[in-house]
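Visitor: Okay, here's the prediction I keep looking at, along with the sequence it came from:
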Amino acid sequence: MKRFLKWVAIAFSLLFVAAFIYLTQILGPKIDSRMNAVIPHDPYPVSAAAQTLHDELWIADLHTDSLLWRRNPAKRQDRGHVDLPRLREGGVEFQIFSAVTKSPKGQNFDGNDANAPDQITQLVQAQFWPLRTWDSLYERAAYQAQRLQRLERKGEVHIVRTAADMDKTDRVLALLLTEGSHPLHGDLEKIHRLYREGYRAMGLHHFFDNELGGSLHGRSQAGLSGFGRVAVLEMREKGIIIDVAHSSVQTVRDVLALTPDPIFISHGGTVASCPKTKNRNLPDDVLQQIAARGGLIGIGYFDGVICDITPDGIADAIIDAAVLLGPDAVALGSDYDGTVTVTLDTSELAAITDALMRRGMNKENIRKVMGENARRFFKENLPKE
């Protein structure tokens, strides 16, 4: 019997190892490549003048979900959109890393039930994340922060925690953002715990309504709940900046009425530039209110927020936003590695600079939208110490 049990244990161990190798080395990368695709293309032509300007820019991107995927961000990968070598190749100085903790299958913009099946649970399990993350959205956010902390300890990034950190130049600057406040589980203390993990920006919603109120893609279209109002004030008291990229129109109006502080949209676009995006982008008059408050709107690179996802189309969306909102309110907000298909990865951002120049945007405004607006916004709104 002992010998039999021994062989059973060995068999289970071998099955576990085989499953681990298959999921992490074969199936996982295939899913990652398919869900975070770059459309094959020849190298984009970039003029000498555009490349010279691009090399001088301080570049910032307000949204990537790279921490969700089982890759080593310190090494150049052959899949996905972002890693540190490609950030450096693209000239990116400042990258916001978003922590996704809950998302529906298909990323339906038109309406999701709060209890709809969550595909992140399956992804977490398939990637062999720690058991504590399997049934806790808070632990998923904490784990993603801890992945970035390990990169910081190795000297690969500098996590931005204060306004002064925005002036550091020795490493890529990385800021942590929650994509939605689902990790709070209705508990204000978790705001403080996430702050200690390094989070300095929090999205209120993702694809579902939650304890804070209505999502742009939820069923209720409600505004802030009583808990949501208290949570927003608590975030601002801690110096956490509010991202309303997926919040309902009424929620955004409630936030604007509740606090005088600037807020931002980490990834989105304008309906004026692309009318078919009205089920994903906030109305233009709401964006104008955010801009008038000193806020920032990051322009995404994917279908759903803009009509043309080529570098030329991204440039058009940026220029249209600058006309609508003013050139001081516009930034890059790729949504890289967010299960989107794009036409360029982060190493190829010079193609956007080239397109902006060819479309007549002046160098001062190119500097603003490519990164200077983001640098100013976060220096002004992050905690001072």
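Guide: Received the coordinates, thanks. Numbering: from 1, shown residues only.

Visitor: Please count neighbours and contacts with C-alpha atoms only from this point.
Guide: Fine.

Visitor: And the strands in this protein, which stretches?
Guide: 59-64, 92-100, 157-159, 172-179, 199-203, 241-243, 264-268, 296-299, 330-332 (DSSP state E).

Visitor: can you put those in JSON lines and add mean neighbour count, distance to Pro40 and mean pLDDT?
Guide: Output for the strands of the chain, formatted as JSON lines (neighbours: other C-alpha atoms under 10 Å; distance: least, C-alpha to C-alpha, whole Å; pLDDT from 0 to 100):
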{"stretch": "strand 59-64", "mean neighbour count": "27", "distance to Pro40": "20", "mean pLDDT": "98"}
{"stretch": "strand 92-100", "mean neighbour count": "25", "distance to Pro40": "22", "mean pLDDT": "98"}
{"stretch": "strand 157-159", "mean neighbour count": "24", "distance to Pro40": "29", "mean pLDDT": "98"}
{"stretch": "strand 172-179", "mean neighbour count": "26", "distance to Pro40": "27", "mean pLDDT": "98"}
{"stretch": "strand 199-203", "mean neighbour count": "26", "distance to Pro40": "32", "mean pLDDT": "98"}
{"stretch": "strand 241-243", "mean neighbour count": "24", "distance to Pro40": "32", "mean pLDDT": "98"}
{"stretch": "strand 264-268", "mean neighbour count": "27", "distance to Pro40": "23", "mean pLDDT": "98"}
{"stretch": "strand 296-299", "mean neighbour count": "30", "distance to Pro40": "22", "mean pLDDT": "98"}
{"stretch": "strand 330-332", "mean neighbour count": "30", "distance to Pro40": "22", "mean pLDDT": "98"}
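
Visitor: would you turn those into CSV with distance to Ala48?
Guide: As requested, those are arranged in CSV below (distance: least, C-alpha to C-alpha, whole Å):
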stretch, distance to Ala48
strand 59-64, 18
strand 92-100, 19
strand 157-159, 30
strand 172-179, 25
strand 199-203, 37
strand 241-243, 36
strand 264-268, 29
strand 296-299, 25
strand 330-332, 22
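
Visitor: So which of those is nearest Asp316?
Guide: strand 296-299 (10.5 Å; C-alpha to C-alpha).

Visitor: List the strands paired with that closest one, with their directions.
Guide: Strand 296-299 pairs in its sheet with strand 264-268 (parallel), strand 330-332 (parallel), by DSSP bridges.

Visitor: Where does pLDDT dip in the chain?
Guide: Within the chain, the segments meeting pLDDT under 70 span 1-28, 106-107.

Visitor: rerun that using 80 as the cut-off
Guide: Applying pLDDT under 80 to the chain flags residues 1-28, 30, 105-108, 110, 114-116.

Visitor: Quick one: residues contacting Leu177.
Guide: Counting by C-alpha atoms under 8 Å, 6 or more residues apart in numbering, Leu177 touches Ile96, Phe97, Ser98, Ala99, Tyr199, Arg200, Ala201, Met202, Gly203.

Visitor: wait, Gly111
Guide: By C-alpha under 8 Å, 6+ apart, the contact list for Gly111 reads His217, Gly218, Arg219.

Visitor: can you tell me how far it sits from Ser248?
Guide: The gap separating Gly111 from Ser248 is 11 Å, by C-alpha to C-alpha, to the nearest Å.
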